[in-house]
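Participant: I'll drop the sequence and a predicted model, then ask my questions.
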Amino acid sequence: MTTHRNSAPAHTRSLPIRQLVLTLLGWSIALIIFFPILWMVLTGFKTETAAIADPSFIFSPTLESYQAVQARSGYARFALNSVAIAFGSTLLALLIAIPSAYAMAFLPTKRTKGTLLWMLSTKMLPPVGVLVPIYLIFRDVGLLDTRTGLIIIYTLMNLPIVVWMLYTFFKDMPKDILEAGRMDGASTLQEVFFLLLPLTLPGIASTGLLSVILSWNEAFWSLNLTSSKAAPLTAYIASFSSPEGLFWAKLSAASTMAIAPILILGWMTQKQMVRGLTFGAVK
């Protein structure tokens with residue numbers, strides 16, 4: 001009697017190899033992306049001389065640069081400005097975007113798609129193209145170097161993305177739930193607050209987090225529309241550039257202190273962000 005050994009299919013045998021290759025590729029990409037951040041953090045623990053002359057990873061760490069940054073007055077004020085502007089602009093953007101996305105998702109017209117494309121196309125406009133008129137308007141109405149001015153600009157900057165993301169989340173929501181609410185006598189506000197928002201909360205939260213990150217990292221408008229009173233951390237970092245050159249160690253220390261809060265926030269909320277960004281992907 002001849003016995004036949006069961007051999008696994010070729011695609012089954014190649015599956016672990018494919019997973020290994022994808023894992024190594026993913027880690028390689030992650031290291032490439034993370035390397036500049038690692039280099040910046042390490043450079044912050046060097047002296048100015050070592051930061052320029054010694055690019056190695058082996059060095060004697062020092063807090064000299066961090067002490068110099070802390071001794072420079074105003075870090076807490078810059079950080080407070082960043083928090084107020086990032087969260088203020090995000091809240092304002094959500095207040096405008098939620099009713100807008102609701103109307104486009106559940107009460108569409110023949111102009112809805114065109115409006116969405118137009119909103120998205122505004123992101124293709126270089127900011128420098130509208131810098132002069134916005135600067136002159138802000139100067140005339142007294143919004144230069146104010147938190148209110150940056151909150152308005154950051155809201156307008158992030159609004160297309162916020163509306164698009166919320167529109168996608170609302171569009172994926174089953175309309176039967178809202179129709180059942182209407183049959184029970186719910187008004188439009190009750191429908192939004194008691195049905196729509198609770199069911200799409202992961203998507204709204206991830207959209208808000210993305211808006212906070214974009215606002216926190218924005219540098220162009222903060223450098224051009226502020227000077228001292230309302231300047232956020234991006235302007236604080238730029239202040240370490242001088243005609244004499246770049247102070248790499250101090251610049252790295254200041255940059256580390258500036259990105260640390262948003263990195264911690266992103267790390268703490270990564271599960272919520274992934275859950276929100278994949279909201280409605282599996283039905």
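Facilitator: In hand now; what should we look at?
Participant: mind pulling up the phi and psi values for Met173?
Facilitator: The phi/psi pair for Met173 (degrees, to the nearest 10) reads phi -80, psi 130.
Participant: what's near enough to touch it?
Facilitator: Going by Cβ atoms under 8 Å, 6 or more residues apart in numbering, Met173 touches Ala105, Leu196, Leu199, Thr200, Gly280. All C-beta atoms are positioned from the backbone trio N, CA, C, and that covers glycine.
Participant: for the record, mean pLDDT for stretch 78-95?
Facilitator: Stretch 78-95 carries an average pLDDT of 94.
Participant: Kindly report the same for stretch 197-206.
Facilitator: Average pLDDT, stretch 197-206: 85.
Participant: Just the buried positions in it, please.
Facilitator: Of the residues in stretch 197-206, Leu199, Thr200, Pro202, Gly203, Ile204, Ala205, Ser206 count as buried by neighbour count, 16 or more other Cβ atoms under 10 Å.
Participant: isn't the fifth one right next to Val162, touching?
Facilitator: No: taking contact to mean Cβ atoms under 8 Å, the distance of 9.5 Å between Ile204 and Val162 leaves them out of contact.
Participant: Now for those two: what residues contact both?
Facilitator: Joint contacts of Ile204 and Val162 (Cβ under 8 Å, 6+ apart) are Leu94.
Participant: biggest helix in this structure by residues?
Facilitator: helix 10-44 (DSSP state H).
Participant: circling back: out of the buried residues of stretch 197-206, which is nearest to Arg18?
Facilitator: Arg18 has its nearest neighbour among the buried residues of stretch 197-206 in Ser206, at 29.7 Å by Cβ to Cβ.
Participant: now the helix or strand containing the closest one, how far from the chain's geometric center?
Facilitator: Per DSSP states H and E, Ser206 falls inside helix 201-217. Relative to the chain's own centre, helix 201-217 is displaced by 6 Å; criterion: Cα atoms, centre = their mean, to the nearest Å.
Participant: and that helix, what other elements does it pack with?
Facilitator: Packing partners of helix 201-217 (3 or more Cβ pairs under 8 Å, 6 or more residues apart in numbering; DSSP states H and E): helix 75-106, helix 147-172, helix 248-268, helix 270-277.
Participant: Check the ones you listed for me: which has the lowest mean pLDDT.
Facilitator: Ranked by mean pLDDT, those bottom out at helix 270-277, which scores a mean of 66.
Participant: any idea how far Phe87 is from Ala219?
Facilitator: Applying Cβ to Cβ, to the nearest Å, the value for Ala219 to Phe87 is 18 Å.
Participant: Looking at the two now, which is surrounded by more residues?
Facilitator: Phe87 (16 against 13; other Cβ atoms under 10 Å).
Participant: neighbours around the residue nearest to that one when sequence neighbours are not counted, how many?
Facilitator: Spatial nearest neighbour of Phe87, chain neighbours left out: Val212 (6.3 Å); criterion: Cβ to Cβ, 6 or more residues apart in numbering. Neighbourhood size, Val212 [other Cβ under 10 Å]: 23.
Participant: do the one 4 residues further on as well
Facilitator: As a burial measure, the neighbour count of Trp216 was computed by other Cβ under 10 Å and equals 24.
Participant: Let me see the confidence value for it.
Facilitator: Looking at Trp216, its pLDDT stands at 93.
Participant: in the stretch 1-150 of the chain, which ranges drop under the pLDDT threshold?
Facilitator: Along the stretch 1-150 of the chain, the model assigns pLDDT under 70 to residues 1-15, 73.
Participant: switch the cut-off to 80
Facilitator: Applying pLDDT under 80 to the stretch 1-150 of the chain flags the ranges 1-15, 53-58, 71-74.
Participant: now the angle from the helix holding Ser206 to helix 248-268?
Facilitator: 170 degrees (axes from the mean of the first three to the mean of the last three Cα atoms, to 10 degrees).
Participant: List the contacts of stretch 249-260.
Facilitator: With Cβ under 8 Å, 6+ apart as the test, stretch 249-260 has contacts from 37, 40-41, 43-48, 50-51, 64-66, 68-69, 75, 79, 82, 233-234, 236-237, 240-241.
Participant: Kindly report the same for stretch 35-44.
Facilitator: With Cβ under 8 Å, 6+ apart, stretch 35-44 has contacts from Ala51, Phe57, Phe59, Ser65, Tyr66, Trp248, Ala249, Ser252, Ala253, Ser255, Thr256, Ile259.
Participant: Among these, which one lies nearest to Asp172?
Facilitator: Closest approach to Asp172 among these (Cβ to Cβ): Ile259, at 32.7 Å.
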